[in-house]
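J.: Got a sequence here, can you build the structure:
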Amino acid sequence: MSASSPRSPSRSSDGSTAGWSVAPSRWMLTATAILFAALVIGFASGCGSSRTVFVPEESPMRVGPDARFRVYHRVAGEWTLSSNRIAIPEGWYLVPPSYVRAEE
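T.: Residues are numbered from 1 along each chain as shown. Have a look, this model is predicted:
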């Protein structure tokens, strides 16, 4: 009969093990599954309780920090969408068209 079984690691001449036993592999698999489940639950919950809802004609809004987006500007009497995103300073107001004087 051999001294080593298929499930136990082999021992070298100095007494150290040359391979992994079954228990640490199962432990790693369980730990990985628990970590993955925790991440999924964290992302599914939204990682926060607030959300922003756009209300088009009810009231003006103010720009928050780090706002960067594309804007329309007038070129030869036509509204043209910018090709790049620009930084809008914090505190500027965004108002619906009903707040703006009609074009002549």
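J.: quick one: low-confidence parts of this structure?
T.: The model of the chain has pLDDT under 70 over residues 1-24, 45-58, 103-104.
J.: hmm, try it at 90
T.: 1-63, 66, 72-79, 93-104 (pLDDT under 90).
J.: How are the strands of it distributed by residue range?
T.: 61-62, 67-69, 72-75, 78-81, 86-88, 93-94 (DSSP state E).
J.: what's the closest of those strands to Arg101?
T.: Nearest of the strands of the chain to Arg101, taken as CB to CB: strand 72-75 at 13.9 Å. All C-beta atoms are positioned from the backbone trio N, CA, C, and that covers glycine.
J.: what comes into contact with that closest one?
T.: Under the criterion CB atoms under 8 Å, 6 or more residues apart in numbering, residues 79-82 lie in contact with strand 72-75.
J.: care to break this structure down by domain?
T.: 8-51, 61-99 (automatic domain parsing).
J.: And the helices in this structure, which stretches?
T.: 22-44 (DSSP state H).
J.: wait, which of the strands of the chain is closest to Leu35?
T.: Comparing those by CB to CB, strand 67-69 comes nearest, at 33.9 Å.
J.: Name the strands paired with that closest one and say parallel or antiparallel.
T.: Applying DSSP bridges to the sheet, strand 67-69 is found paired with strand 86-88 (antiparallel).
J.: what residues does the partner strand touch?
T.: Counting by CB under 8 Å, 6+ apart, residues outside strand 86-88 touching it are 63, 66-71.
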